[in-house]
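[1] What would the 3D arrangement of this be:
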Amino acid sequence: MIVFIISFTLTMRIAMRQQKPQRPVKKTSRTRDSVATPRHSPAPHDQNYEEPQKSVRLNRAIADAGVASRRKADEYIRQGVVKINGKVVTELGTKVEVDDMVTVHGEPITRYKHLTYILLNKPKDVISTSNDEKGRATVFDIVRLKTRLFTVGRLDRNTTGVILLTNDGDLANKLMHPRYGIARVYKAVLDKPLRPDIARQISAGIELDDGPTQPCEITIDPSDRTSVMIGIREGRNREVRRIFEHFDYIVKRLDRKEYANITARGLARGEYRHLTRDEVHELQRQVKITE
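    Purely as a prediction, here's the structure:
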């Protein structure tokens with residue numbers, strides 16, 4: 001058996017080893033009306049961590065509401081289309097309190113008194129959008145909180161594993177931005193053994209329809225060469241599946257093991273928990289948020 005480990009910019013921390021058996025989970029049906037009862041698992045050290053209520057910069061308040069990125073929010077402020085309590089504000093760096101009324105283009109933004117960060121171990125047959133015209137189950141049928149959340153990127157319906165949900169728009173936008181190269185680690189089970197020469201090509205980067213892929217790290221399981229770990233730093237649509245399809249491989253199962261150093265260890269499929277304070281600060285560190 002041959003193991004190919006080709007390292008470039010990504011440090012892989014997840015070894016190919018047998019996972020501990022998880023509690024059986026009721027399969028999620030295709031309709032949201034019959035989604036299994038959501039199961040919450042407490043955070044390991046700092047349960048239900050939320051950012052404390054405080055004054056924040058105006059551009060961050062706009063970004064946190066999911067209206068725009070901080071940079072775009074600054075543009076709106078310069079253009080004079082942002083108001084605080086009915087008064088136009090054009091000075092960058094202005095701070096707002098949680099009770100201030102902020103409008104952009106005349107529309108009030110939703111201010112969040114607390115920022116919430118959720119880690120979900122996404123099951124199969126669940127989609128990552130907030131609603132679906134076909135009535136299929138979504139991640140928001142599992143994570144049922146009063147706070148309006150959105151996903152940090154997406155996993156397609158058949159992909160399982162780590163997905164983050166938050167109402168921190170600024171952090172979410174930065175995590176998804178290609179500039180920061182956030183690490184994503186997947187375990188793929190293929191329809192046939194992965195050839196060594198193809199593994200080398202994938203690790204060096206290949207040309208897809210939407211452009212070249214970045215160099216990545218790929219590890220073949222020595223005991224089962226259809227089982228592969230692949231680490232990427234891009235969030236392109238169905239990228240892992242398309243990489244293998246490029247070489248006529250079919251991905252039979254795809255599970256995201258890690259996102260930005262965060263794993264679903266200890267969570268069964270369909271379970272979620274709040275991130276700890278340290279985990280939130282680690283995410284902020286990776287995208288250079290210091291506030």
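
[2] Now do the contacts for the residue nearest the centre of the chain.
    Nearest to the mean C-alpha position of the chain, by C-alpha atoms, centre = their mean, lies residue 152 at 3.6 Å. Neighbouring residues of residue 152 by C-beta atoms under 8 Å, 6 or more residues apart in numbering: 163, 164, 165, 166, 172, 175, 176, 259. The C-beta positions use only the backbone N, C-alpha and C, and glycine is treated the same way.

[3] Among those, which ones are in helices?
    Of the contacts of residue 152, the ones assigned to helices by DSSP state H are 172, 175, 176.

[4] which residues sit in contact with residue 151?
    128, 129, 139, 163, 164, 165.

[5] What pLDDT does the model give the residue lying closest to it once chain neighbours are set aside?
    Sequence neighbours aside, residue 128 is the residue nearest to residue 151 in space, at 5.0 Å (criterion: C-beta to C-beta, 6 or more residues apart in numbering). Residue 128 is assigned a pLDDT of 94 by the prediction.

[6] next one: residue 21
    43.

[7] same question, the one 4 residues further on
    Note for residue 25: predicted pLDDT of 40.

[8] And for residue 105?
    94.

[9] ok, of the contacts of residue 151, which come out buried?
    Using 16 or more other C-beta atoms under 10 Å as the burial test, these include 128, 139, 163, 164, 165 as buried.

[10] quick check, nearest of those to residue 197?
    residue 163 (33.0 Å; C-beta to C-beta).

[11] And the closest residue to residue 164 other than its chain neighbours, its phi and psi?
    Closest residue to residue 164 apart from its sequence neighbours, by C-beta to C-beta, 6+ apart: residue 152 at 4.1 Å. Per-residue torsions, residue 152: phi -90, psi 90 (degrees, to the nearest 10).

[12] Relative to residue 58, how far out is residue 152?
    Distance from residue 152 to residue 58, counting by C-beta to C-beta, to the nearest Å: 23 Å.

[13] next one: residue 82
    Taken as C-beta to C-beta, the span from residue 82 to residue 58 is 7 Å.
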